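**Q** need a 3D model of the sequence below.
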Amino acid sequence: MLLTTTNSVEDYKIIEYKGIVSGTAVNVQKMTMTFNMQKYYDGVSQSIAEVKEQALEQLRQNAEKINANAVVGILVDIEVKSSEYLISATVTGTAVSIIKR
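**A** Have a look, this model is predicted:
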């Protein structure tokens, strides 16, 4: 499954638009008491990466359910609510069928 933020794929032709697909993931940030701010920021960065990958996997699965072999025009939206220790990611794109030119 090809995933891209662009609206087309070089050397491929879109033969069918299947529809809009999305994926969402939420992670509760594990807070550790530390005076080392770099350690805290590293933990937040790691959580963001994990949540984004989970959302992309859900998007991929949703595209496969409608027999798409690619998703184009992907938009990634990440929200960090530090007061609630929540990190969420939503990814949305257009599921398509593509063939090599």
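
**Q** in the helix or strand of the chain with the lowest mean pLDDT, what counts as buried?
**A** One helix or strand of the chain scores below all others by mean pLDDT, DSSP states H and E: helix 37-65, with a mean of 90. By neighbour count on 16 or more other Cβ atoms under 10 Å, the buried set for helix 37-65 is 47-48, 51-52, 54-56, 58-60, 62-63. Glycine gets a C-beta too; all of them are placed from N, C-alpha and C.

**Q** can you count the residues close to R101?
**A** For R101, the neighbour count with other Cβ atoms under 10 Å is 8.

**Q** would you turn the buried residues of helix 37-65 into JSON lines with distance to S97?
**A** Below are the buried residues of helix 37-65 laid out as JSON lines (distance: Cβ to Cβ, whole Å):
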{"residue": "S47", "distance to S97": "34"}
{"residue": "I48", "distance to S97": "31"}
{"residue": "V51", "distance to S97": "29"}
{"residue": "K52", "distance to S97": "25"}
{"residue": "Q54", "distance to S97": "25"}
{"residue": "A55", "distance to S97": "22"}
{"residue": "L56", "distance to S97": "19"}
{"residue": "Q58", "distance to S97": "20"}
{"residue": "L59", "distance to S97": "16"}
{"residue": "R60", "distance to S97": "15"}
{"residue": "N62", "distance to S97": "15"}
{"residue": "A63", "distance to S97": "10"}
